[in-house]
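In: This is a predicted model, with the sequence first.
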Amino acid sequence: MKEQMQDTWAVPERVREGSPNPIADFDGFLRARHAAEVDPDGFWLGQTHRLLSWRTAPTVGLDGGYHTVKDGPFSWFADGTLNVTESCLDANLESRGDKTAILWEGDEPGDVRRISYRELHGEVCKAANALRELGVQKGERVIIYMGMVPEAAIAMLACARIGAIHSVVFGGFSAEALRDRVRDCGAELIVTQDEGLRAGRTVGLKSTVDAALEGEQGVRRVLVYRRTGGEVAWNPDRDVWWHESVGKQSPECPAEIVEAEHPLFILYTSGSTGRPKGVLHTSGGYLTWVTYTFRTVFDLRDDDVFACMADIGWITGHSYIVYGPLANGATSLMFESTPVYPDAGRYWDMVQRLGITIIYTAPTAIRALAAQGDDFVQKYDRSSLRILGTVGEPINPDAWKWYYDVVGEGRCTIVDTWWQTETGGMLISPIAPATPVRPGSATFALPGVAPALLEPETGRVLHGPAEGHLVMTRPWPGQARTVYGDHERYVSTYFSTWPGVYFTGDGCRRDAEGYHWITGRIDDVINVSGHRMGTAEFEAALIAHDAVAEAAVVGYPHDLKGQGVYAYLVLQPGHEASAGLEKALNGVVREIIGAVAKVDIFQFVPGLPKTRSGKVMRRILRKVAEGRGDQLGDTSTLADPSVVDAIREGARV
Ligand code: PRX
């Protein structure tokens, strides 16, 4: 069954046979790629007319581009009008009203809710009417701070229904991080729930919202979904129960028709510097992108049961739990729990019980499950599975092979999908029935995506097999248009390192056959278990503690998490390193950033390696944290080379 040539795995028969999609083999892929290259506007207009419900079909494709981005955002389909929920909901009513749209599995195994397209349409309309009644208007911002309950997706779609802009904040972020985002986007209303439930434990969500809003004036209403029935504080002037406010509404709500470039959502993500940025995605282009990539990469079939294990607080959840699957009329799983609750068999138990055909998860989860042994997998029937997806970080070949051989038993293909919050959806990825795969490679750019590798020192475009900075040379419909409220920051972050192209922040190697191998971030972003965090955010949190004079944080290779967090700290006089201090420092990190953030290794140093102009030489710190302190290269530009010896000697790797 498994055909293996050198290091290339051919597409298994079971994945190839019966593909209903235009790209069903490698020739089909090459044809689509060629068509999108010679006439991008024609190609994408054709796709969007076919895939979306437009009220006014667009006649123009791309307007502007990277050369004009300084003057303002480029646009796609600018003369079209639509409401994205009509593609996700109304368009499915007649043909598949009774089909399950959202298949929810709660924290406890077997606690299942099936919401049909008809029911989802009604629930979204009710929630949209409630938002309107609570005063939310087109263009206003709504923050969603929830766990993995269907109401979170319903709230997102309800915002879209009335033309409001949602910003989902991951439930693992702290009150302080939430407050920053509330302020940055000027939210009018927050949707939350009493408590979240994960692995048998409750997590206060309403209480975190209360703490975030203390002393804040902007948010007028907090809409609270009751999940656990746990006790919550109540502000009757501000707080409203979901079941009271949404429950009484009509299940019909006319959609607010907006222009293609009307903002759909803001999602905050970390970068090299400063605070998280509010990446802004718009309606027509984003929906076209996630609809096209979802059906193409996963080779969607009518009876697929699609299970993306991400949280909707991240872009993966937005694009491939909510918008992409629903716009294609698919059945999409929402999973409240973790892969190891009650034990490491949870995913495979769900595959057997729910008939999952496509699973989409992160390398971290795959590595963690592989470490628990094969028995947890093998005791469940996985014959329904056809496609195994991965996203969020580079997957090491060992984990890839375990996924392929043990989980998929050689019958399924793996799609290693490379993309980012800013890209809206996948850019470099196998197309399940068409692309022979290589373990650890995201393979080729999708049709209409134009990557290039630049030589890091010169910016020269590299041809043939090479390694360099990964950039995109042409906009695609799903690309983020701006940073909310700060277009200059968008331009300087993505378009100033290399003028005229989009800089991804990733390094990449291309082999002789054109396969892409992402080597990881080359900026000061760390990727812990697929969670993207800025070193600057950690540093700001650490120096908020009285004991810390200076902090520099870098990533280092971590067997399970991909990357771990390594902090170098200079203490204030009178303070001493201790386990107690490390604990306290992680307490501050947790308070300022949230439960997702934790320093793995602290090293207390007499000074940081700085150039004479005072810039911290992070290259040196990275090498030491990687255990390569003996390969520091040239350190002659340091103001005080002796600190390097102390750092090397005290290394904790
Ligand atoms: O470094 C790349 C890594 O995740 C970064 C984007 O993070 P975020 O915006 O949080 O989006 C994650 C989900 C799309 C990228 O710059 N990354 C994502 N997918 C892959 C990956 N690295 C290697 N292989 C992938 N398949």
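Out: Everything's here; your move.
In: Check the burial of Gly448 by counting its neighbours.
Out: Gly448 has 23 neighbouring residues, counting by other C-beta atoms under 10 Å. No exception for glycine: its C-beta is placed from N, CA and C like everyone else's.
In: And for Glu17?
Out: Residues lying near Glu17 (other C-beta under 10 Å) number 10.
In: who's in contact with stretch 374-382?
Out: Contact with stretch 374-382 is made by Asp343, Ala344, Gly345, Trp348, Asp349, Val351, Gln352, Leu369, Val406, Val407, Gly408, Glu409, as judged by C-beta atoms under 8 Å, 6 or more residues apart in numbering.
In: please redo it, this time with the cut-off set to 7 Å
Out: Stretch 374-382 has contacts (C-beta atoms under 7 Å, 6 or more residues apart in numbering) with Asp343, Ala344, Gly345, Trp348, Asp349, Val351, Gln352, Val406, Val407.
In: who does Gly389 bridge with?
Out: Note on Gly389: beta-bridge partners by DSSP bridges are Tyr360, Val415.
In: how near is the nearest residue to Ala442 once chain neighbours are set aside to the ligand?
Out: Closest residue in space to Ala442, ignoring its immediate chain neighbours: Trp418 at 3.9 Å, by C-beta to C-beta, 6 or more residues apart in numbering. Trp418 sits at a distance of 4 Å from the ligand (criterion: C-beta to the nearest ligand atom, to the nearest Å).
In: is it true that Trp418 touches Ile428?
Out: Yes: Trp418 is within contact range of Ile428, at 4.1 Å (criterion: C-beta atoms under 7 Å).
In: list the residues that contact both of the two?
Out: With C-beta under 7 Å, 6+ apart as the test, Trp418 and Ile428 both reach Ala442.
In: Next, the buried residues of stretch 410-423.
Out: Within stretch 410-423, the residues that qualify as buried are 411-423, counting by 16 or more other C-beta atoms under 10 Å.
In: wait, what's in contact with Trp416?
Out: Slight slip there: residue 416 is Asp, not Trp. Asp416 makes contact with Thr390, Ile395, Ser429, Pro430, Ser441, Ala442, according to C-beta under 7 Å, 6+ apart.
In: how close does it sit to the ligand?
Out: The gap separating Asp416 from the ligand is 5 Å, by C-beta to the nearest ligand atom.
In: Kindly report the same for Thr390.
Out: 6 Å.
In: And that residue, what's its pLDDT?
Out: Note on Thr390: pLDDT of 98.
In: who in the stretch 451-600 of the chain is up against the ligand?
Out: Residues of the stretch 451-600 of the chain found near the ligand, taking C-beta under 6 Å from any ligand atom as the criterion, are Thr504, Gly505, Asp506, Ile518, Gly520, Arg521, Asn527, Arg532.
In: And the pLDDT for Gly6?
Out: Just so we're on the same page, residue 6 is Gln rather than Gly. Predicted confidence (pLDDT) for Gln6: 57.
In: How about Pro22?
Out: Predicted confidence (pLDDT) for Pro22: 95.
In: residues in contact with it?
Out: Pro22 neighbours (C-beta under 7 Å, 6+ apart): Gly28, Ala32.
In: Begin at 719 from now on, thanks
Out: I'll keep to 719 as the first residue from here, and by that count the last item is Pro740.
In: So it, which state does it fall into?
Out: Pro740 falls in the coil class when you classify it by DSSP: H, G, I helix; E, B strand; the rest coil.
In: ok, now the one 10 residues further on?
Out: For Ala750, the secondary-structure state derived from three-state DSSP is helix.
In: Grab the nearest non-local neighbour of it.
Out: Leaving aside its chain neighbours, Ala750 sits nearest to Pro1165 (4.2 Å; criterion: C-beta to C-beta, 6+ apart).
In: what do you get for Tyr1208?
Out: According to C-beta to C-beta, 6+ apart, the nearest residue to Tyr1208 is Val1201 (4.2 Å).
In: ok, the one you found touching Gly992?
Out: No: the criterion here is C-beta under 7 Å, and Val1201 misses it with Gly992 at 10.8 Å.
In: out of the buried residues of stretch 1128-1141, which one sits closest to Pro1169?
Out: Nearest to Pro1169, judged by C-beta to C-beta, of the buried residues of stretch 1128-1141 is Trp1136 at 9.6 Å.
In: and the residue of the stretch 919-1068 of the chain found nearest the ligand, what helix or strand is that in?
Out: Closest residue of the stretch 919-1068 of the chain to the ligand, C-beta to the nearest ligand atom: Thr1034 (4.8 Å). Following DSSP states H and E, one finds Thr1034 within helix 1033-1035.
In: so what are the domain limits for this structure?
Out: Using automatic domain parsing, the domain parsing of the chain gives 1168-1240, 1243-1367.
In: Redo those as CSV? Include mean neighbour count and mean pLDDT.
Out: Formatted as CSV, the domains of the chain follow (neighbours: other C-beta atoms under 10 Å; pLDDT from 0 to 100):
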stretch, mean neighbour count, mean pLDDT
domain 1168-1240, 18, 97
domain 1243-1367, 17, 93
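In: mind checking which of the ones you listed is nearest Asp829?
Out: Closest of those to Asp829 is domain 1243-1367, at 23.3 Å (criterion: C-beta to C-beta).
In: Now the terminal residues of the closest one, how far apart.
Out: 26 Å (C-alpha to C-alpha, to the nearest Å).
In: mean confidence for stretch 764-781?
Out: According to the model, stretch 764-781 has a mean pLDDT of 98.
In: which other residues reach it?
Out: Contacts with stretch 764-781, where a contact means C-beta under 7 Å, 6+ apart, come from 758-759, 762-763, 792-800, 804-805, 808-809, 975, 978, 1002, 1005-1006, 1009-1010, 1045, 1193.
In: Check stretch 1357-1371 too.
Out: With contacts defined as C-beta under 7 Å, 6+ apart, stretch 1357-1371 is touched by 1274, 1319, 1321, 1323-1330, 1338, 1342-1343, 1345, 1347, 1350, 1353, 1356.
In: hang on, the earlier thing: just checking, the residue of the stretch 919-1068 of the chain closest to the ligand touches Val1109?
Out: Yes: taking C-beta under 7 Å as the definition, Thr1034 is a contact partner of Val1109 at 5.8 Å.
In: tally of neighbours for the residue nearest to Asp1021 when sequence neighbours are not counted?
Out: Excluding its sequence neighbours, the residue lying closest to Asp1021 (C-beta to C-beta, 6+ apart) is Thr1075, at 7.6 Å. By other C-beta under 10 Å, the residues close to Thr1075 number 20.
In: residues in contact with Thr1075?
Out: By C-beta under 7 Å, 6+ apart, Thr1075 lies in contact with Asp1022, Val1023, Ser1102, Leu1103, Arg1104.
In: what about it, distance to Arg732?
Out: Thr1075 sits 11 Å away from Arg732, going by C-beta to C-beta, to the nearest Å.
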